[in-house]
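Undergrad: Sequence and predicted structure are below.
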Amino acid sequence: MFYREAGQFKTTYAADSALFPILQDKIGIVLILFVAFILVPLTASDFAIDSILTPILVFSLAAIGLNLLTGYTGLLSLGTGGFMGVGAYACYKLATFFPGINIVVLIICSGFFAAAAGILFGLPSLRIKGFYLSVATLASQFFLSWCFIRIPWLYNYNVSASIEVPTRTLFGVPVTGPTATPATRYIVVLAIVSIMTWLASNLIRGRIGRTWMAVRDMDIAAELIGIKLYQTKLLAFAVSSFYCGVAGAMLVFLWLGNAESESFNINQSFLILFMVIIGGLGSLLGSFLGAALIWGLPIVLRTVPGFFNLSIKAATVEHITFMTLGALIILFLIAEPNGLARLWQIGKQKLRVWPFPY
Amino acid sequence: ASAETFIPLFTYRTGPFANSGTPIANGMHDYFSMLNARDGGIGGSKVAVEECETGYKNEKGVECYESVKGKHPAIITPYSTGITLALIPKAAVDHIPILSMAYGLSASAVGKDFPWIFNPPATYWDGLSIIFRYIGGKEGGLDKLKGKTIGYIFFDGGYGREPLPLLHQFAKDYGFNVKEYPVPPAQMQNQSSIWLSVRRDRPAYMIMWGWGAMNPTAVQEAAKTGYPMDHFIGIWWSGSEDDARPAGPAGKGYLSLNFNAVGANFPALQDIKKYVIDKGNSQTPKGQLGENFYNRGVLNAAVIAEGIRNAQKLTGKKDITGDEMRRGMESLKITAARWKEIGLGGFAAPMAVSCSDHNGHHSAYVQQWDGTKWVKVSDWIAPMKDKVEPLLDAAAADYVKKNQPWPKRTEACDKSS
Amino acid sequence: MRAPSGPEIAVGDVLLSVENVSLSFGGVKAVTDVSFDIRKGEIRAIIGPNGAGKTSMLNVINGFYHPQQGRITFKGKARGHMRPYDAAYGGIARTFQNVALFRGMTALDNVMTGRSLKMRRGFLWQLLRHGPALAEEVEHRHRVEEIIDFLKIQDIRRVPVGRLPYGLQKRVELGRALAMEPELLLLDEPMAGMNIEEKEDMSRFILDVNDYYGTTIALIEHDMGVVMDLSDRVVVLDHGIKIADGTPDDVKKDQAVIDAYLGVAH
Amino acid sequence: MHLLYQIFIDPFVQMGTAPDLFVQTLWEGLVTGVLYSLIALGFVLIFKASGVFNFAQGIMVVFAALALVGFYEHGVPAYLALGLTIVLMLILAFAVERLILRPLVNQAEIILFMATFGLTYFLIGFGELIFGGDPKVMISGALGLPSGSYQIKTLGGFVQMQKIDIAAAIIASLMVASLGIFFQKTRIGRALRAVADSHRAALSVGISLEQIWVIVWFAAGIVALATGIMWGARSNVSFALEIIALKALPVLILGGFTSIPGAIVGGIIIGLGEKIGEFYWGPLFGSGIEDWLAYVIALVFLLFRPQGLFGERIIERI
Amino acid sequence: MSAAEQTSTATAPATAERILSVNNIEVIYDRVILVLKGVSLDVPRGGIIALLGANGAGKTTTLKAISNLLHAERGDVTKGSIVFDGAEVHDLSPNELVRRGCIQVMEGRQCFGHLTIEENLLTGAFTRRDGGAAIRAHLDKVYAYFPKLAERRNSMAGYTSGGEQQMCAIGRALMSRPKMILLDEPSMGLAPQIVEEIFEIVKDLNGKEGVSFLLAEQNTYMALKVASHGYILENGRVVMDGAARALAENEDVKEFYLGIAEGRRKSFRDAKHYRRRKRWLA
Ligand SMILES: Nc1ncnc2c1ncn2[C@@H]1O[C@H](COP(=O)(O)OP(=O)(O)OP(=O)(O)O)[C@@H](O)[C@H]1O
Ligand SMILES: Nc1ncnc2c1ncn2[C@@H]1O[C@H](COP(=O)(O)OP(=O)(O)OP(=O)(O)O)[C@@H](O)[C@H]1O
Ligand SMILES: [Mg+2]
Ligand SMILES: [Mg+2]
């Protein structure tokens, strides 16, 4: 009853294809942005910002990147971690070469390097499909991981073989490095993620998004109606890797402050993939929900025993967290295989017809 | 608040490295529990221990850090080089000391650049130089290595790569060749081609910087290839019972460095048994007390306890802040007599840390696997400080340069107690 | 809808000719030495028993299969080896025997994909979705809405096609093909699985497309009523071989066709 | 020029001058390959029979091996422990079918893949909870598996073969042969392949998915146990073993997801390629190329045969 | 409205023994999409019943509800009951249902593309326990019904033409020795000759082997020719039912389902432009 599009007529096609055609949604998004940009930095604890919100945003961006490739274009990739790594190391090198340039610019630029890597490793997709394609991306994953440790130039020959983040400022406020407060870093991340999400939503609502989805749903038919498969697939690889690269750069520069080759290993790739699947393939909102669930749930589970003042051993808590997380993933899938985003839609649908069941 | 000192322990009892993480965690935990049970804490201040499970993952480690940093921890023990590296810049900002006992960033030994990080008793470079001293002793002089090949098998990550500069310098100094055998993380249990290469290259000695499942596999593969085990030496992280045991009798002769004693015959350990384990207040399984990594955990906890005592002495307060703990650590001095006093006589080499030297470059010894247990086969060997220190200074300078603007040390130094 | 490129061909002239085409898969001969032509403006039916090679013939025409032998001439130009999208750019559109819609997309988006090859705005504009990109999008949306109105599928615009009943899916598919503004439209069993009423509707659409837009149509269909009523000329294939070619009435009386295909008179 | 020499000439010279090492490399490659095949076999079984890409195969290996050693450590005689572990794997198969697969019937591959990831998490937590995280020594002696090695002096040197490796090769071949026959020749085998093709259609002809799934997961469980014993005997049994399971991916992809002989041939190609590549060409890149070599080998093969060596032809019709 | 009521009361097959009866079922997909709104029908033992209706009317859904394949599509029967061969079947698995003799041939062929034709047929015998010899004998019988299949027995089903796949699907169902086959759009996409053939076979099976059929069809003409009784489904409701003959005579049915107006078949060329159709309901 409250959530109705009835009565909201669109008079132009432009308005009809707007991002949030329904008034209630518009109000919702403004509220969310207000809370995220203003309220959270003012009120949330450092722990909440730095261990929950920032990582969720960073992973959401990576998940969006992967979702563009896997969810929208139907190309399964297990190389996300590697592409994130390319972004991170590229950003590190750029920061070394151009200490004067604004770090946010560099973070964005590093995406281009990831995109180039994405195109390179996406080439086999022209011939190989499905799970078979995943091996190409796996090859990239392992090869890139190997490069991150074997090419000392990438980490400026540090003996620790890791990259550390120098302190850089934006309008005089430090945004990277140890002196940057979690809230500042969070706001920068949030801004980048918001803008890039908006851009991604533009892409997928237009011609490019449609060709991607066409390729995903039935590539043969897509080709027969005049879509060039190789262009489409490579573009998807490029854009996807760009997003992952930026996410990787943010992971190091705006969150962890330090990284080594292991930060971008195969497990990272799987993690992002699971966020995408749990969130919902082919849904931007799902990328956020998935990241929130997969990253946030273990943290919540870990704090649960504390609430009840149960003194369970740290290891046992961890084991039970693992078991619960596993069980919850399965439960979620059974409840709604198409991901949290679909669950959300069904919820909206129910709201629309409320108080009637259908 | 009531007198209480908060000590978070970053541990990993899960994940692929749980085998090494668990006994260390047990040792640390039990020692503090023992102090609480026996003495009512340290200097009248009860120790509040809280474990945070990292699973040996950096992100989790940072998360643990964020979750404890608001609770005024006296000191943090990350127990992972990766996590230590991630925390080094943060520690200075939050004024929380970090103890990375013989791991982490070697350069953090330089107190003027890293006031908040402590890594006694020795750095990896010290460890490598000790190994060479030992080899030199066996060969009758390091110049005997001339023209020979030394193999270096290592975990292909920051940890395993760190000794490389010194190793190559040694190679230059003593005229031997180095063969590197990196083991990628995913290949830890799949080393057959590496050991084939060893068979081809016939190194006179094999030195290992391994961790987790890499160690037992290496020992087994070495035995399989017929490599002379008493020419195969691991760093102190490659010397747990679990590393050598799976090879069975064939693993006999395998050597490794150590800086804590093995065995349970120390009054403090017996107190742990009496006050903690026998009371059922411990997770330690039977037989683990006295094992190498368990004792390492005890040593770690003992050093912290001494640091706290020192800080209490300096400030005259029971409850100490991170700042005070840093001062306590920076003037830490545990003589052989003091070790004995706290029930750990001969457990470790005398240890001193100073404001400028956060490490101390202490001695270690070589132990050998006799098929069932570790046996000490050398004296305490001091590292080649002259070779290590310039490297350390250079590394610290390099770190500072690369991380500009790195804050200058502002913390004052106490006099050594 | 005008031809996108190439020489103008007058109504009644040969638009596409298939000469001695043979196609086989391993041992299976799908098409053997078949020749026929399609004239501009006509409705040309291809019929034949199941497995006769009709679909394969369409696949050859729009470049999805590459025949081992033979020549295809489209708009007076002989074609070499080409990819399916070349055919699409050349003005050949089609629908598929087993509905090949993009199942995860809405009906509207499906039809919009048909316009992809006409849209020009580059990546950066798409990213911003303002100015020229939006203008282009709206312009094409207008064309698509016309098609949607034409096919009377306004009310299912927003429904993911996977959830539509079969008949509507077929209609959306036709819409997608029409959105390409083709010169030659290949329809592979557009009326399979429909009842009479829906077949009548679909017939109407086909005739209208043919009449109003002058689109040439090649049609595969098993419903003889439809074929006889709609088509100008009919080719009959059997086991990959052409067994008859002519007006519906001629074909209907052809004994070979009755034996191979029609069975008892319908 | 020198580089070209190092790449194209030197390795072959080495093979010629030290033939014993070459033979030894081949043997190591073969054995590793066979062990990879064993892991891959577990994947293939489940994939073939249900179209599920079972991410949990790696953890099942660890779980089975830990259970075996765990039982033994609690005083159960070795063979009884083996029996108990097999029963445990059967229980696991039932549980997986009942709790995961049945509610998710007819879902997309990727969803089931994800579900097996949930299973992985669960088993990691569960396994560590009951067996603990510390590594265990495989009880190969108590199980009557041979230890020690044969040293054959030939070719101006020696070739050393571990007895356990020989046993592994034999066991793996037997398993593959029997499973291959099972799949191609029996009623159940045919049904398995039908299920892989389409859950929906299989249901409609009355194939009991429940039964099929329990059978394959049980079979995969046994394969996991065998894998766990063999790999465990090579180093030890710990959760790190799970990482090795990733190596099954290139094997699978090379051999084709649905082919049992493919798993074996793929495994051997990967094993040999990896060991030879690492041993002869690895030093050029500072060694350790094993990490990605397997994937690159698989990729190169795929570029020529997109469905893998033995994979079913990809049906492209419209 | 009135037409529906008249025919249904007049000719309900009340007397014959029922092999299947569906009572007032309601089906919901995805927990929110209501598709069947109370459908009832009966199939007498040994009968052929046609289920007619436009696209999306719910024919397939009805059949799936009976064979319990709905679960796999996230659909649920929320009301009503289905009784097959004297037993309520709601809780049975599809496998058990096949064992009891009720099998569905799904719309759109659904052969196992990677299995050969022969293997496809053999999977149909999965639930049988009467030994290899009997199965082989039965296989030959199926080949006798469908000689085309015998020719292509070793081809992968994925590569055979539409007609061959349809035959394969029916043949596969036969292999389970069903008492009743739920046949969904068997004529779709088939050449007229084959359609005739298939309906001949349906009649044959019904006559010689006593198999009952529930036939969902768009090809009303053929369906009413073989069936004894028909139901017309619209928008998830049965709007009319009656003896096949009676239905074929009904004026509305003639116009909308048979394309006959004023006593003769209309040409498709003369189809009026998008007329609003008259509906029994709505
Ligand atoms: N990609 C392919 N690979 C192998 N064989 C093929 C392929 N495509 C078609 N065939 C074979 O070619 C023959 C002709 O098939 P086609 O699909 O053209 O028949 P059709 O006339 O369209 O039949 P229907 O009316 O049943 O659709 C069939 O025997 C089919 O098995
Ligand atoms: N899995 C599903 N999820 C949601 N809605 C569905 C699903 N399957 C079918 N429907 C809807 O249920 C309605 C009835 O579909 P059904 O397939 O039963 O029709 P039908 O009479 O068999 O039509 P056709 O002649 O096209 O086969 C349709 O409106 C369809 O959109
Ligand atoms: Mg066809
Ligand atoms: Mg239907």
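TA: Great, that's in hand. Treat the numbers as computed from the prediction; the structure is a model and nothing was measured. Ligands and ions are numbered 1, 2, ... in the order given.
Undergrad: What is the burial count for the residue of the stretch 151-266 of chain C found nearest chain E?
TA: Relative to chain E, the nearest point of the stretch 151-266 of chain C is C:Pro165 (2.8 Å; Cβ to the nearest Cβ). For the C-beta atoms, the positions are set from N, CA and C on the backbone; glycine is no exception. By the criterion of other Cβ atoms under 10 Å in any protein chain shown, C:Pro165 has 17 neighbours.
Undergrad: ok, it touching E:Gly53?
TA: No: between C:Pro165 and E:Gly53 there is no contact, the gap being 10.3 Å when judged by Cβ atoms under 8 Å.
Undergrad: Just the CA trace of the lengthiest helix in chain C, in CSV.
TA: Using DSSP state H to define each element, chain C has its longest helix at helix C:132-151. Taking Å, rounded to 0.1, in the frame of the first residue of the first chain, the C-alpha atoms of helix C:132-151 are listed here in CSV:
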residue,chain,number,x,y,z
PRO,C,132,23.8,12.7,-27.1
ALA,C,133,23.7,9.2,-25.5
LEU,C,134,20.4,9.8,-23.9
ALA,C,135,19.1,11.5,-27.0
GLU,C,136,20.0,8.5,-29.0
GLU,C,137,18.6,6.2,-26.5
VAL,C,138,15.3,8.0,-26.6
GLU,C,139,15.2,8.2,-30.3
HIS,C,140,15.6,4.5,-30.6
ARG,C,141,13.2,3.9,-27.9
HIS,C,142,10.7,5.7,-30.0
ARG,C,143,11.2,3.3,-32.9
VAL,C,144,11.0,0.4,-30.6
GLU,C,145,7.8,1.6,-29.0
GLU,C,146,6.4,1.8,-32.5
ILE,C,147,7.2,-1.8,-33.0
ILE,C,148,5.9,-2.7,-29.7
ASP,C,149,2.6,-1.0,-30.5
PHE,C,150,2.5,-2.7,-33.8
LEU,C,151,2.9,-6.1,-32.3
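Undergrad: show me the contacts for the spatially most central residue of chain B.
TA: With distances taken as Cα atoms, centre = their mean, B:Ala102 lies nearest the centre of chain B, 3.2 Å away. Counting by Cβ atoms under 8 Å, 6 or more residues apart in numbering or on different chains, B:Ala102 touches B:119-124, B:127, B:236, B:259.
Undergrad: out of these, which is most surrounded?
TA: B:Thr123 (30 neighbours).
Undergrad: Run through the residues that contact that residue.
TA: By Cβ under 8 Å, 6+ apart, B:Thr123 lies in contact with B:102, B:106, B:109, B:359, B:361, B:388, B:392.
Undergrad: The closest residue to it other than its chain neighbours - how many residues pack around it?
TA: With Cβ to Cβ, 6 or more residues apart in numbering or on different chains as the criterion, B:Thr123 has its nearest non-adjacent residue at 4.0 Å, and that residue is B:Ser106. Neighbourhood size, B:Ser106 [other Cβ under 10 Å]: 28.
Undergrad: Please apply the same query to D:Gln151.
TA: With other Cβ under 10 Å as criterion, D:Gln151 counts 10.
Undergrad: do A:Leu235 as well
TA: A:Leu235: 22 neighbours (other Cβ under 10 Å).
Undergrad: following the one helix or strand it maps to, which helix or strand comes up?
TA: Under the criterion of DSSP states H and E, A:Leu235 resides in helix A:229-250. Using DSSP H and E, the next helix or strand after helix A:229-250 towards the C-terminus is strand A:258-260.
Undergrad: confidence score at residue 29?
TA: With no chain named, the answer covers chain A. Looking at A:Ile29, its pLDDT reads 84.
Undergrad: hmm, I had chain E in mind actually
TA: pLDDT at E:Tyr29 comes out at 85.
Undergrad: What of D:Glu312?
TA: So D:Glu312 comes in at 66 (pLDDT).
Undergrad: re the thing from before, and what about the residue nearest to the centre of chain B, helix, strand or coil?
TA: The three-state assignment at B:Ala102 reads coil, by DSSP: H, G, I helix; E, B strand; the rest coil.
Undergrad: burial of residue 146, as a residue count?
TA: Going with chain A. 24.
Undergrad: The intended chain is chain D.
TA: Neighbour tally, D:Pro146, other Cβ under 10 Å: 14.
Undergrad: Below-threshold pLDDT in the stretch 51-200 of chain B: ranges please.
TA: The model of the stretch 51-200 of chain B has no residue with pLDDT under 70.
Undergrad: Which ones among the contacts of B:Thr123 map onto helices?
TA: B:388, B:392.
Undergrad: Just give me the closest of the contacts of B:Thr123 to chain A.
TA: B:Ser106 (7.1 Å).
Undergrad: hang on, that closest one packs against A:Val159?
TA: Yes: using Cβ under 8 Å, B:Ser106 is in contact with A:Val159, at 7.1 Å.
Undergrad: shared neighbours of these two, anything?
TA: B:162, B:395.
Undergrad: where along chain C do the strands fall?
TA: C:14-25, C:28-39, C:43-47, C:69-74, C:77-78, C:92-94, C:184-188, C:216-220, C:233-238, C:241-246 (DSSP state E).
Undergrad: Enumerate the positions of the last one that are buried.
TA: Neighbour-count burial for strand C:241-246, counted by 16 or more other Cβ atoms under 10 Å in any protein chain shown, picks out C:241-245.
Undergrad: ditto for the fourth one
TA: Of the residues in strand C:69-74, those buried under the neighbour-count criterion (16+ other Cβ under 10 Å) are C:70, C:72, C:74.
Undergrad: which other helices and strands contact that strand?
TA: strand C:14-25, strand C:28-39 (3 or more Cβ pairs under 8 Å, 6 or more residues apart in numbering or on different chains; DSSP states H and E).
Undergrad: Quick one: low-confidence residue ranges for the stretch 151-300 of chain D.
TA: Using pLDDT under 70, nothing in the stretch 151-300 of chain D is flagged.
Undergrad: thinking again about what came up before, now the contacts of B:Thr123 in JSON lines, with distance to C:Met105?
TA: Compiled in JSON lines, these are given as follows (distance: Cβ to Cβ, whole Å):
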{"residue": "B:Ala102", "distance to C:Met105": "59"}
{"residue": "B:Ser106", "distance to C:Met105": "57"}
{"residue": "B:Ala109", "distance to C:Met105": "61"}
{"residue": "B:Asn359", "distance to C:Met105": "63"}
{"residue": "B:His361", "distance to C:Met105": "67"}
{"residue": "B:Val388", "distance to C:Met105": "65"}
{"residue": "B:Leu392", "distance to C:Met105": "62"}
